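Novice: sharing a sequence plus its predicted fold:
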Amino acid sequence: IIDPDIDINQQHFLFNMATIAIVKECLLALNDRTGSSLYAINKWIQSEKKVVIKKHLMKAALKKGVEKGILIPVKASYKLSPAAKKPAPKKKPAPKKKTATKKKRIPDYCKLAPKTGPSPKKKVKRRKQ
């Protein structure tokens, strides 16, 4: 995550957001009814993600998660808020606008006379002889 082109504050912000995402994934995986402790969250991250997150970064991420409403503090544990448990709503693709199909213009000399239905037959009266 360390990039020399990005300033220190921006790096901290990016890492903090990544930490919140990892914590959210952890809480979904642990799925504890009463919430998961900081120790349990760190243990899961070390075993599953093979990453060690420093204590001060973890606490800052948890604090921001509580402020944003993603996490709910329960005694010394944290659990996901009901809004955070729901998957992000999928955006429906915008309906494609139907373009009017242009009719090919037929030159006048190619046009046929409009057809009329079969011409009615005239009744022929027969004369009596």
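Specialist: Right, received. Where do you want to start? Residues are numbered from 1 along each chain as shown.
Novice: Ala83 reaches Ile72, doesn't it?
Specialist: No: taking contacts as C-beta atoms under 8 Å, Ala83 lies outside contact range of Ile72: 10.3 Å. To be clear about C-beta, it is placed using only N, CA and C from the backbone, and glycine gets the same treatment.
Novice: more neighbours, the two?
Specialist: More crowded of Ala83 and Ile72, by other C-beta atoms under 10 Å: Ile72, with 15 against 8.
Novice: now name the helix or strand holding Tyr78.
Specialist: According to DSSP states H and E, Tyr78 maps onto strand 77-80.
Novice: repeat that for Ile22.
Specialist: Using DSSP H and E, Ile22 sits in helix 8-30.
Novice: what segments of this structure are strands?
Specialist: Remark: strands assigned in the chain by DSSP state E are 36-37, 71-74, 77-80.
Novice: of those, which is nearest Lys125?
Specialist: Among the strands of the chain, the nearest to Lys125 by C-beta to C-beta is strand 77-80 (95.1 Å).
Novice: per-residue confidence for Gly69?
Specialist: Predicted confidence (pLDDT) for Gly69: 90.
Novice: show me the helices in the chain, by range?
Specialist: Applying DSSP state H to the chain gives helices spanning 8-30, 38-44, 55-68, 82-85.
Novice: can you put those in TSV and add distance to Val124?
Specialist: As requested, the helices of the chain are exported to TSV (distance: least, C-beta to C-beta, whole Å):
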stretch	distance to Val124
helix 8-30	91
helix 38-44	100
helix 55-68	94
helix 82-85	87
